[in-house]
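Student: Okay, sequence plus prediction incoming.
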Amino acid sequence: MQENAREILKKYYGYTEFRKGQKEIIDSILEGKDTFAIMPTGGGKSLCYQIPAVMLEGLTLVISPLISLMKDQVDSLNSLGISAGVINSTQSINEVKDTIYRAAQGELKLLYVAPERLDVESFYRLLQTLNVSQIAIDEAHCASQWGHDFRLSYRAIAPFLERFHPRPVVSAFTATATVEVKEDVVKILGLKEPNTFITGFDRQNLSFSVIKNENKNDFILKYLEDNKDKSGIIYAATRKEVDNVYIRLQKKGYSVGRYHAGMSDNERQESQEQFLYDDIKIMVATNAFGMGIDKSNVRFVIHYNMPKNIEAYYQEAGRAGRDGESGECILLFGPRDTMLQKFFIEQTVFTEERKINEYRKLQAMVDYCHTTRCLRKYILEYFGERNVQDKCDNCGSCKNDGEIVDITIDAQKIFSCIYRMKEKYGVTMAAEVLRGSKNQKVLNLEFDKLSTYGIMKNYTIKGIKDLINTLIAEEYLTLTEEEFAVVKLRNKAVEVLKNKQKVMQKVYKRKEKVKVDNSLFDKLREVRKIIAQREAVPPYIVFADSSLKEMSEIVPLNREEMLNIKGVGEKKFEKYGEEFLQVLIHYNNEHKVRNIEDKVVEEAAVDKEKKIPSHVSTYNMLKEGKSLEEIVQHRGIKRDTVKEHIMRCGLEGLEIDWNIFIPKKYEELILEKIKEVGCERLKPIKELLPDDVDYNAIKAVLCKYKNAN
Ligand code: ADP
């Protein structure tokens, strides 16, 4: 009987509940309706076309813009037990042929390609011979020139779809789409009366904060000190700034890498891989880094500089916490940031109209940095959401129970000064007049004659500017949209001047961080790192941080309990479950974190009487002369698990017969390929071998010949 979507969610992905919108999107695709889904980063888009891919007969073609992203998805699907392949321009002819062969044999459920591939006629002809039931388009906003990652090759998609008779169901996904981009995408991709789903932009697991008036470098050092071992990205606006922050952190001994367009392709590639594989914890980068980074366990994203607009900010910050675990998004604001972004806009060849639009977006970003209202609400309303709660309790404004103070008098001073300056000057000039500056320009314009000259002497220029910026963000004042923006009064300010309204502001207090015990989580991470190295995949492909976190909280002690952990499906349990169980059981024995009945312990994968690990029990049986089949029968575990146990003992140094893992006919070939590419990493070796040679075979050959030498 065919499994339903929920069963597949549980069996392969190890999740029990669909996230918001997922079920509806899947149903729409299964009904054969073109489907357009707009979900925030980390909202779980991939699963929305992957589950239909498993359920529909035939092949799902996935069009995706970036090679690194595709590779990651394919690794991840294969580790879940869903067969997927990728064809891209970096592969050898043999690799491409091999994937095509597997697709033609009906072995693949999903095939990932870049849009450029659609122009290749032979590829189209190949697809005609296959049963393509769904075409899924990832990062659909790339089709629109108003989107921020426009790709010309996305224009080839619509004519390509037109050639299919019958036409497969088409699904399209994006995280960012303003109204204009949304309409553009539907038109350009040629979606047919699509069901459109917008699941909302909120990412509840992310906290947002803005840090002002603080030394950025000191802040980062202190933050990293408090958050050792966490993986995160620090974005800076220019290459130079990236290099400076990178060198500073490196000197302090942090595990850090960098990424910007000034580095060579190889350097960038290497740096990115190190980050994905958790070999470095912190990435300092310009905005060149990110699209296609699917790393799910990024715990923080710090912006060293303010980005150009809220769209860019939300996308970059959104790279934190994709696994659903908490993530921190911190923006370090400095007044120079606004100047820098204005400079960038001026450097462009945009039309005047487009420039004005960019200035408007920039101002919304500046306002975000100065508002004292809920930051989440601010972002969500920017994206057009309505009826957003006033407080989220998870942003800098809501969490900090600062004191509300009445600043009406200061606000009135500022407003009347701007009024007296005839609303013709910028923020700095207003601040200088209020402070009583002897600046030549101030004197030339005779602003020292104004009654408001020097009425805020007790403030610094910076303090006054901060206050003015807050009043802009709170919509008392407004700035014109141009390079040298002029500050003007809004109606709300006039009300304040007439004493009809008060101005209140929140003044923040600092909070100390509470330290938590992460020792079990750290141990599980170590196991994950070992497995990831062994299998040549990034650690988060083995298990997401959220799964390890849940394991460390619930401490499952047997298979059944383990399968209840979010993200642990059957296939993954078979592959890795035992290794994690060992650590959990051992930890529990030492710390008695769970008060469990004997029965559970008996079921657990430990030979209780002898108190030896499960894989060693298997090994002992083998040494007693039992065959693999006998061990399977006796222990009631799968053949693959028995082999995993034996492999593990071998890797731990016990004597085993490596030949049980090595298909005789390939032994020579494997050796040859090892000599060809070296034995640093398994994946390059595997890629040169036929598909039926698995990683265990390669490991076994490596060990056999190492021991023989
Ligand atoms: P997106 O492409 O929307 O940015 P992904 O598809 O990469 O997001 O999903 C982000 C993370 O959320 C992944 O680790 C994925 O396994 C997880 N996820 C997706 N759906 C669910 C669900 N229903 N329950 C729990 N986790 C989920």
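Tutor: Here it is on my side, so go on.

Student: list the contacts for the residue nearest to residue 21 when sequence neighbours are not counted?
Tutor: Beyond its immediate neighbours in the sequence, the residue positioned closest to residue 21 (CB to CB, 6 or more residues apart in numbering) is residue 199, lying 3.6 Å away. C-beta: built from backbone N, CA, C; applies to glycine. By CB atoms under 8 Å, 6 or more residues apart in numbering, the residues touching residue 199 are 19-21, 37-40, 43.

Student: and residue 199, how far is that from the ligand?
Tutor: Using CB to the nearest ligand atom, to the nearest Å, one obtains 10 Å as the distance from residue 199 to the ligand.

Student: which SSE is residue 488 in?
Tutor: Using DSSP states H and E, the secondary-structure element containing residue 488 is strand 487-489.

Student: Mind splitting the chain into its structural domains?
Tutor: Dividing the chain into domains by automatic domain parsing, as the record does, gives the ranges 2-198, 206-351+376-387, 403-507, 519-591.

Student: pLDDT value on the spatially most central residue of the chain, please?
Tutor: In the chain, the C-alpha nearest the mean C-alpha coordinate belongs to residue 319, at 3.3 Å (CA atoms, centre = their mean). Per-residue confidence at residue 319 stands at 92 (pLDDT).

Student: List the contacts of it.
Tutor: Shown here is residue 319, whose contacts under the criterion CB under 8 Å, 6+ apart are 41, 233, 290, 293, 295, 298, 301.

Student: which secondary structure element contains it?
Tutor: No secondary structure element spans residue 319, as it lies outside all helices and strands (assigned by DSSP H and E).

Student: Distance-wise, check it relative to residue 233.
Tutor: Shown here: residue 319 relative to residue 233, a distance of 6 Å by CB to CB, to the nearest Å.

Student: list the residues that contact both of these two?
Tutor: Residues touching both residue 319 and residue 233 (CB under 8 Å, 6+ apart): 290, 298, 301.

Student: The first one: what secondary structure?
Tutor: On the three-state scheme (DSSP: H, G, I helix; E, B strand; the rest coil), residue 290 is labelled coil.

Student: cool, the last one as well?
Tutor: Using three-state DSSP, the secondary structure recorded for residue 301 is strand.

Student: Helices of the stretch 351-500 of the chain, residue ranges please.
Tutor: Assigned helices in the stretch 351-500 of the chain, in chain order: 352-370, 375-382, 396-399, 408-420, 427-435, 440-444, 461-473, 491-497 (criterion: DSSP state H, counting those that start in this stretch).

Student: Comparing these, which comes out most buried?
Tutor: With neighbours defined by mean count of other CB atoms under 10 Å, none of these is more surrounded on average than helix 427-435, at a mean of 23.

Student: Quick one: mean pLDDT over stretch 84-102.
Tutor: Per-residue confidence for stretch 84-102 averages out to 91 on the pLDDT scale.

Student: Name the residues that touch it?
Tutor: Outside of stretch 84-102, the residues within contact range by CB under 8 Å, 6+ apart are 67, 70-71, 73-74, 77-78, 83, 103, 108-114, 116-117, 123, 126, 687, 691.

Student: which of the residues you listed count as buried?
Tutor: 67, 70-71, 73-74, 77, 83, 103, 108-114, 117, 123 (16 or more other CB atoms under 10 Å).

Student: Which pLDDT does the model give the residue lying closest to residue 484 once chain neighbours are set aside?
Tutor: For residue 484, the nearest residue in space outside its immediate sequence neighbours is residue 426; the separation is 6.0 Å by CB to CB, 6+ apart. As predicted, residue 426 sits at a pLDDT of 93.
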